[in-house]
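**Student:** Fold the following.
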Amino acid sequence: MSILAFDLGASSGRAMLGRLSDRAIAVEEIHRFSNDPVTVGERMYWDILRLYHEIKQGLLKAARQGDTLRSVAIDSWAVDFGLLGKHGELLGNPYHYRDRHTDGTMSKLCSRIPREEIFQRTGIQFLPFNTIYQLAALCEADSPIVRHAEHFLMIPDLLRYFLTGEKLNEFSNATTTQLYNPTARGWDHELISRIGVPSSWFGRIVEPGAQAGQLLSSVGTELGIASIPVIAAAEHDTGSAVAAVPAVKRPFAYLSCGTWSLMGTEVDHPVINDLALQYNFTNEGGVGRTYRLLKNIMGLWLLQETKREWDRAGFNYSYAHLIHLAEQAPAFGAFIDPDDPLFLHAGDMRERIRQYCGRTGQPLPDQPGEVVRCILESLALKYRYVFEMTEGLSGQRFDKLHMVGGGIQNALLCQWSANAIGKPIWAGPAEGSAIGNLVVQWIAQGMFADIWEARKVIRESFPVAVYEPEQREAWEQAYGRFLQVTGLWQ
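**Tutor:** Below is the predicted model:
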């Protein structure tokens with residue numbers, strides 16, 4: 001009997017069947033689809049009904065190949081949400097976190113509520129697109145959606161609601177909103193009221209592994225399938241990815257590598273202190289009431305957006321070709337800080353990279369290989385910077401870095417990351433979020449005793465590529481230049 005994971009990323013989604021036999025996990029991708037934002041006027045939205053349609057297509061494909069599903073679960077990116085009206089209808093397409101409607105909102109809100117207080121209450125890093133600032137921006141704009149809303153659901157909550165009719169909020173994603181209080185272990189109702197929205201919007205929070213309803217009979221009739229239990233996975237895709245890290249014990253450091261790169265370590269309790277605030281680290285919920293002490297890094301969005309611009313211009317470079325060109329380009333020509341606000345929004349990323357390099361007195365990368373090499377080397381060096389911050393904040397020393405996610409298919413980035421950090425990279429599995437989603441379902445069904453038993457089986461079921469650090473002197477010198485150019489000296 002199979003289970004089904006829907007893993008939705010910022011650029012694509014997929015349906016992954018999972019089977020467990022003889023203490024080995026097998027996964028099969030049965031449906032893949034693009035996840036393209038839609039721009040209307042000045043606003044950028046998620047096409048949420050298209051995503052729901054694709055989820056139904058995944059359920060159909062599982063049924064057509066004869067799989068009897070024991071359960072299904074959804075994970076996705078964080079912070080974005082939908083609002084429901086009094087009859088349970090969706091009051092508009094959810095905004096994309098890269099939409100500009102939050103520009104300036106974080107600084108305005110922090111002038112009313114000090115950053116120190118927000119961090120003490122939530123333990124969440126300050127990012128301009130966090131849910132708290134999205135809601136504050138809607139209130140400031142006097143959005144009619146806010147006036148008519150009665151329920152708040154994050155993206156996986158919303159899609160799960162479409163399937164089940166149950167309005168539930170899942171823990172790992174709820175913590176990313178900067179509206180969850182880990183000390184009180186629930187929504188921070190005072191903070192919610194101070195941004196101007198009713199606390200009544202925010203419903204019951206369920207743990208990863210909780211049963212969150214059954215497939216509605218209307219959906220089953222439409223698709224011609226039987227009722228299926230719907231499980232709340234670790235619905236933030238990073239939470240699922242960290243669940244799939246094939247570590248055997250703590251402490252371990254991880255990097256979930258995709259459109260975003262998220263680096264950190266797993267802890268039992270949130271780390272909420274002055275140093276965490278200074279480093280702008282976050283404490284996001286995980287499986288088994290753990291927390292992910294981590295920091296966001298802009299990630300392969302930089303490469304994806306650069307390639308998108310080349311595609312629009314008619315240069316249809318494959319990723320493999322771009323990586324080859326980067327490998328042939330001169331080393332350490334120019335560096336960027338991947339997390340500079342210049343790179344947050346969609347647009348001509350190549351030109352922005354050149355703008356950054358010009359602003360910092362560096363040569364301007366011109367050819368595709370030079371641009372891609374600048375991106376990948378800068379990411380690897382930023383990984384070292386955050387790796388060392390993670391060690392300092394956690395008080396731990398890590399002998400390696402676990403990399404999971406689709407980004408590990410870029411072997412050049414994996415090798416350069418090992419070179420930059422000076423520690424081995426253990427890369428795998430690539431399907432981290434989907435596998436983490438699956439194992440949470442199996443834990444809920446009693447197939448694994450806990451996450452550590454599941455991680456042991458993951459380690460035995462999927463290959464891990466090991467990248468040993470090379471060219472240490474050259475990368476050490478490059479790191480010094482990177483810190484100077486980017487102004488990241490601590």
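**Student:** got the residue ranges for the strands in the stretch 151-300 of the chain?
**Tutor:** Under the criterion DSSP state E, counting those that start in this stretch, the stretch 151-300 of the chain contains strands at 151-154, 169-170, 180-181, 186-187, 205-206, 211-214, 229-231, 253-257, 261-267, 282-285, 291-297.
**Student:** what does the stretch 351-490 of the chain give?
**Tutor:** Counting by DSSP E, counting those that start in this stretch, the strands of the stretch 351-490 of the chain are 401-404, 425-427, 465-467.
**Student:** nearest to Glu170, of the ones you listed?
**Tutor:** strand 401-404 (20.3 Å; CB to CB). All C-beta spots, glycine's among them, are computed from the backbone N, C-alpha and C.
**Student:** neighbouring strands for the closest one, and are they parallel or not?
**Tutor:** Here strand 401-404 is paired, per DSSP bridges, with strand 253-257 (parallel), strand 425-427 (parallel).
**Student:** how far does it sit from the chain's center?
**Tutor:** 15 Å (CA atoms, centre = their mean, to the nearest Å).
**Student:** which parts of it are buried?
**Tutor:** Leu401, His402, Met403, Val404 (16 or more other CB atoms under 10 Å).
**Student:** do stretch 203-222 as well
**Tutor:** Quick answer for stretch 203-222 (16+ other CB under 10 Å): 203, 205-210, 212-216, 219-220.
**Student:** Tell me where the longest helix sits in the chain.
**Tutor:** If you go by DSSP state H, the chain has its longest helix at helix 368-394.
**Student:** In that one, which residues are buried?
**Tutor:** Quick answer for helix 368-394 (16+ other CB under 10 Å): 368-387, 389-390, 393-394.
**Student:** again, but for stretch 451-469
**Tutor:** Ile451, Ala454, Arg455, Val457, Ile458, Arg459, Ser461, Phe462, Val464, Tyr467, Pro469.
**Student:** is it true that Asn130 touches Asp80?
**Tutor:** No - if you go by CB atoms under 8 Å, Asn130 and Asp80 don't touch, sitting 10.3 Å apart.
**Student:** Spit out the residues that contact those two alike.
**Tutor:** Here Asn130 and Asp80 have no joint contacts, going by CB atoms under 8 Å, 6 or more residues apart in numbering.
**Student:** Give me the below-cutoff pLDDT ranges for the stretch 351-490 of the chain.
**Tutor:** Residue ranges of the stretch 351-490 of the chain with pLDDT under 70: 490.
**Student:** show me the residues around Arg43 that make contact.
**Tutor:** Tyr95, Asp99, His101.
**Student:** Of those, which is the nearest to Val267?
**Tutor:** Proximity of those to Val267 (CB to CB) peaks at Tyr95, which lies at 31.4 Å.
**Student:** My read is that that closest one contacts Asp80, right?
**Tutor:** Yes - with contacts counted by CB under 8 Å, Tyr95 reaches Asp80, the gap being 6.7 Å.
**Student:** Quick check: neighbours shared by those two?
**Tutor:** When contacts are counted by CB under 8 Å, 6+ apart, Tyr95 and Asp80 are jointly contacted by Trp46, Gln134.
**Student:** all strands of the stretch 1-150 of the chain, in order?
**Tutor:** 2-8, 12-21, 24-34, 38-40, 43-45, 69-75, 81-84.
**Student:** residues in contact with the longest one?
**Tutor:** In other words, strand 24-34. In contact with strand 24-34 (CB under 8 Å, 6+ apart) are residues 11-20, 54, 57-58, 61-62, 65, 431, 434-435, 438-439, 457-458, 460-462.
**Student:** Could you dump the strands of the stretch 151-300 of the chain into TSV and include distance to Gly41 and mean pLDDT?
**Tutor:** Below are these laid out as TSV (distance: least, CB to CB, whole Å; pLDDT from 0 to 100):
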stretch	distance to Gly41	mean pLDDT
strand 151-154	24	98
strand 169-170	30	98
strand 180-181	32	98
strand 186-187	33	98
strand 205-206	35	98
strand 211-214	35	98
strand 229-231	35	98
strand 253-257	33	98
strand 261-267	31	98
strand 282-285	32	98
strand 291-297	28	98
